[in-house]
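Asks: Need a 3D model of the sequence below.
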Amino acid sequence: MIHSLIKKWWALKLGPSEADEYMDKSTGFVGVQLRDCFGLRIGYCWMQRLEDPSVFRLSDLIVQKDWRSRGVGRLLLGKALAYAKFQGAKRVVGSVVPNDFRQAPWIMGWYERLGFSICPPTPADLPHAVARIERAV
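Replies: Here you go, the predicted structure:
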């Protein structure tokens with residue numbers, strides 16, 4: 001128990017140390033994940049190209065609770081957006097679902113601060129989506 005607490009303290013103190021980046025031009029998949037100094041994943045962001053090659057869908061952006069409010073989400077999203085732009089993305093869309101609000105009630109304002117527009121969901125969004133986010137790249 002003490003060992004795991006000390007390890008966690010050091011990881012938080014040292015910050016992210018390793019980034020894994022994935023990009024597959026044939027499928028339009030973009031992925032970025034960050035690991036701490038012990039190799040444990042602290043966050044990831046996945047995007048996928050849609051039928052329209054200029055549009056990518058933000059499918060996941062997850063940051064472990066202990067790493068929130070440290071700029072990790074902004075870093076992950078920024079890297080994923082850069083890779084999507086490299087693959088020809090002009091726009092990124094995504095869905096906000098009720099579980100997103102339960103885990104992060106501030107999520108809509110966060111997306112707005114990062115340049116996303118908040119719109120009503122469309123039939124193309126995830127089932128049960130409460131909002132659609134979109135932004136030019």
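
Asks: what ranges do the helices span in the protein?
Replies: According to DSSP state H, the chain carries its helices in the segments 2-14, 72-86, 98-103, 107-113.

Asks: Who are the packing partners of the shortest one?
Replies: In other words, helix 98-103. If you count contacts as 3 or more C-beta pairs under 8 Å, 6 or more residues apart in numbering; DSSP states H and E, helix 98-103 packs onto no helix or strand. All C-beta atoms are positioned from the backbone trio N, CA, C, and that covers glycine.

Asks: how far is it from where the chain is centred?
Replies: 15 Å (C-alpha atoms, centre = their mean, to the nearest Å).

Asks: Look at the residue nearest to Ser54 when sequence neighbours are not counted and say how many residues are nearby.
Replies: Of all residues not flanking Ser54 in the chain, Lys90 sits nearest, at 4.0 Å (C-beta to C-beta, 6 or more residues apart in numbering). For Lys90, the count of nearby residues is 13 (other C-beta atoms under 10 Å).

Asks: what's the spacing between Lys90 and Trp106?
Replies: 28 Å (C-beta to C-beta, to the nearest Å).

Asks: so Leu114 makes contact with Arg74?
Replies: Yes: the pair Leu114 / Arg74 is scored as a contact, 6.7 Å apart, by C-beta atoms under 8 Å.

Asks: quick one: contacts of stretch 46-56?
Replies: Residues external to stretch 46-56 that are found in contact with it (C-beta atoms under 8 Å, 6 or more residues apart in numbering): 27-31, 57-61, 80, 83-84, 87-93, 137.

Asks: Buried by neighbour count, from those: which ones?
Replies: Neighbour counting with 16 or more other C-beta atoms under 10 Å marks 28-31, 57-58, 61, 80, 83-84, 87, 89, 92-93, 137 as buried within these.

Asks: of all those, which comes closest to Pro120?
Replies: Minimum distance to Pro120 across the buried ones among the contacts of stretch 46-56 is 12.8 Å, recorded for Val93 (C-beta to C-beta).
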